[in-house]
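Visitor: just a sequence and a predicted model for now, questions to come.
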Amino acid sequence: MAPIPQVTVKAFVLGVVLAAVLAGANAYLGLFAGMTVSSAIPAAVISMAVLRLFARHSVLENNIVQTTASAGSSVAAGVVFTVPALYLMGYWRSFDFWWVVAIAGLGGVLGVLFSVPLRRALIIERQLPFPEGVATGEVLKAGASGSGVAYLVGSALAGGVAKLGEIGLHLWSGTAEAARYVGNTVVYFGTNVSPALLAVGVIVGLNIGIVVFSGGVLAWYVFVPIYSTFPELDPNLAEFVTTGPSALDLGYQIWSTKIRYIGVGAMLIGGVWSLIDMRQSLVDAVRRARAAAASGGWANLPEVERDIPMNWVLIGVVALVVPIFFLYFNVVGSVFAALVMALIMVAGGYLFAAVSSYMAGLVGSSNNPISGMTIATLLFASLVLLMLIGPDTVRGPAAAILIGGVVCCAAAVGGDNLQDLKAGHIVGATPWKQQVMLAVGALVSAMVMAPVLNLLVEAYGIGVATPEHPNPLSAPQANLMTSVANGVFGGGLPWDMIAVGGAVGAVTIALDKWLAARRIAFRVPVLAAAIGIYLPLEVTAPIFIGGVVAHLIERAVRNATATTRERAARVALLTGAGLIAGEALMGIVMAVPIVAFQDRDVLAIAAAPYGGWPGLVVAAFLLYGVYRVATRPDAGGT
């Protein structure tokens, strides 16, 4: 029997187009909220809807489309978490097309190559859950009936309309928040009304939602009150207090200059612990790769077991390191320093691609903590560069960011690759074809990053408020990378806060190990807690709220049949993905008229937003809609 077609012309074209679109959408979401969400599931559903128009199509073609398209979210994460730091630190005035393509494209393809030896170790032998990979595979299997398209499209429209009301019509603010002094202590609460953030909570579930929110609670209800009550602990804060700031301003000043570095320390410890915890998998992956290369048995393997051959992987890594060396040399002007940078990138890229793949297998790509790994790389690279080129406060931080950018792209794509390979394993796809197409998707996504970033800079601004852009995209991860790189070279990094964060991370790891030993289902991933400390509370709160809704959906169908429970989970997943896609795409669409007319209020129908409270009503309505459609008796139909 002839093999079922996989990489066809229509699958290739559709996958490439979706990769570009989803890369742009996730670039907006990453700059807005500091996180991206896997685009594999919406890409799979869109693929099924489009390929259904052709007389001949197969589930394996749909799988190739989603594999290619899913590179958009991972490349976007790798870029927006790091590359805007070069703009924020003033090293770049705009985003040069070829520089961004080099950072994202080289890092993305390296991520694919690094992850090749991990497929068997993590998918076949360890059988990690890879939640989004399993969900994507099941969606693909159900694609013959067109199941789920209506839910995805409907929720995407709802998310887009909600975002239009906020950023286009200016009917409400993006955040509902309040702060006041109780004595000298700042007490704060706020939540973002973003449909995308609420949907992230629906997707990751209550456990992760609680852990992330708990990190925010620790930051804003323990550490911020301590520093607001005793500002003399930091002379800079004490001076700031003399200006009589509002409670909200003081809270954010404390968090941005002190507390978020506790999150940095926790992420450093979490990244190191992740490497230690999976050390045996790394060793086993290398051993199997060497054995396969020595036996020459690739041609004798069945189609569903064929990865890219290891000799080609090694050749590809060596070939890509050469342009990376020249990339770094262009910045530092030293052959030796550029060579050391390239070696750090290779070692860090492989180790963190492995960690990323492992974590994606546990908690999914949407919650993949690549930022913590990138910070670890950034700190190490900065300290090495400090010894090699001295305290050069211009070239040094920029060179460190370039290393972190390539590693971040490699780690993001590596984790995404394993998620896609899990879906392919479920539907019977050929691994090497997926790996090649993911590399193609990474290169295409890299090409749209610079134009999208430049568009967003013109429309919204990034990082720093200006008269032209009073409410810029916050770019939280890129701001953190800027602070870390500048702090190492300028001597202003708060190492005491990083040390406290390290202690918090160690306690969190110990708690998680205790829960595992007691066989308690609830777990406390250290990197999820760390990112909760780092992000503003108004970002972690909606993730928790979405997680509560996911729990309520599970409880509502707990006593139903297995089929009903599966349908409810799938519909919740699809509607959540639709809300995210709709909001992110609306952010890109709205940038066009803003840039064209050079007017942020070009579509506004209100003189000023009516606060964040109307947005809360809209958010509540959307979450109620997700709950209702997921718990309907016929949930999961067309």
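Guide: Yep, it's here. Residues are numbered from 1 along each chain as shown.

Visitor: from here on, contacts and neighbour counts on C-alpha atoms
Guide: Fine.

Visitor: looking only at pLDDT, what's the mean for the longest helix along the chain?
Guide: The longest helix of the chain (DSSP state H) is helix 562-597. Averaging pLDDT along helix 562-597 gives 76.

Visitor: distance between it and the chain's centre?
Guide: 15 Å (C-alpha atoms, centre = their mean, to the nearest Å).

Visitor: got it, and stretch 173-187?
Guide: 29 Å.

Visitor: and stretch 620-628, by the same measure?
Guide: Distance of stretch 620-628 from the chain centroid (C-alpha atoms, centre = their mean) equals 25 Å.

Visitor: hmm, who's touching that stretch?
Guide: 158, 195, 198, 546, 549-550, 552-553, 572, 575-576 (C-alpha atoms under 8 Å, 6 or more residues apart in numbering).

Visitor: buried residues in it, which are they?
Guide: Using 16 or more other C-alpha atoms under 10 Å as the test for burial, stretch 620-628 gives 620, 622-623, 626-627.

Visitor: where does the stretch 201-350 of the chain dip in pLDDT?
Guide: 274-275, 278, 281-301 (pLDDT under 70).

Visitor: going by distance to residue 518, which of the buried residues of stretch 620-628 wins?
Guide: Residue 518 has its nearest neighbour among the buried residues of stretch 620-628 in residue 627, at 32.5 Å by C-alpha to C-alpha.

Visitor: contacts only, for the closest residue to residue 431 other than its chain neighbours.
Guide: Leaving aside its sequence neighbours, residue 431 sits nearest to residue 307 (C-alpha to C-alpha, 6 or more residues apart in numbering; 5.1 Å). Contact analysis of residue 307 by C-alpha under 8 Å, 6+ apart lists 116, 430-432, 435.

Visitor: wait, is residue 307 part of a helix?
Guide: No. Counting by DSSP: H, G, I helix; E, B strand; the rest coil, one finds residue 307 to be coil, located in no helix.

Visitor: and it, how far from residue 427?
Guide: Computed with C-alpha to C-alpha, to the nearest Å, the distance linking residue 307 and residue 427 is 16 Å.

Visitor: same thing with residue 168?
Guide: 42 Å.

Visitor: look at these two and report which has more neighbours.
Guide: residue 168 (23 against 19; other C-alpha atoms under 10 Å).

Visitor: for residue 90, what are phi and psi?
Guide: phi 80, psi 10 (degrees, to the nearest 10).

Visitor: now residue 176
Guide: The phi/psi pair for residue 176 (degrees, to the nearest 10) is phi -100, psi 110.

Visitor: give me the neighbour count for the residue nearest to it when sequence neighbours are not counted.
Guide: Spatial nearest neighbour of residue 176, excluding adjacent residues (C-alpha to C-alpha, 6+ apart): residue 612 at 4.1 Å. Residue 612 sits with 20 neighbouring residues when counted by other C-alpha under 10 Å.

Visitor: repeat that for residue 182.
Guide: Residues near residue 182, counting by other C-alpha under 10 Å: 11.

Visitor: go ahead and confirm residue 306 touches residue 430.
Guide: Yes. Using C-alpha atoms under 8 Å, residue 306 is in contact with residue 430, at 6.4 Å.

Visitor: coming back round to it: and the longest helix of the chain, which residues are buried?
Guide: So for helix 562-597, counting by 16+ other C-alpha under 10 Å, buried means 564-588, 590-591, 593-595.

Visitor: now residue 89: how far from residue 156?
Guide: In terms of C-alpha to C-alpha, residue 89 sits 35 Å off from residue 156.

Visitor: who's more crowded, those two?
Guide: residue 156 (28 against 19).

Visitor: which positions in stretch 182-201 come out as buried?
Guide: 185-201.

Visitor: same thing with stretch 86-101?
Guide: 86-89, 94-95, 100-101.

Visitor: residues touching that stretch, excluding its own?
Guide: 79, 83, 394, 398, 401, 443, 446-447, 449-451, 453-454, 462-463, 478-479, 482.

Visitor: any stretches of the stretch 1-150 of the chain with poor pLDDT?
Guide: Residue ranges of the stretch 1-150 of the chain with pLDDT under 70: 1-3, 33-38, 41, 121, 125-129, 131-132, 135, 138-139, 142-149.

Visitor: okay, strands next: where are they in it?
Guide: With strands called from DSSP state E, counting those that start in this stretch, the stretch 1-150 of the chain shows none.

Visitor: ends of stretch 482-501, what's the gap?
Guide: End-to-end distance for stretch 482-501: 19 Å, by C-alpha to C-alpha.

Visitor: list the buried residues in that stretch.
Guide: 482-490, 493-495, 497-501.

Visitor: for it, give the mean pLDDT please.
Guide: Computed over stretch 482-501, the average pLDDT equals 79.
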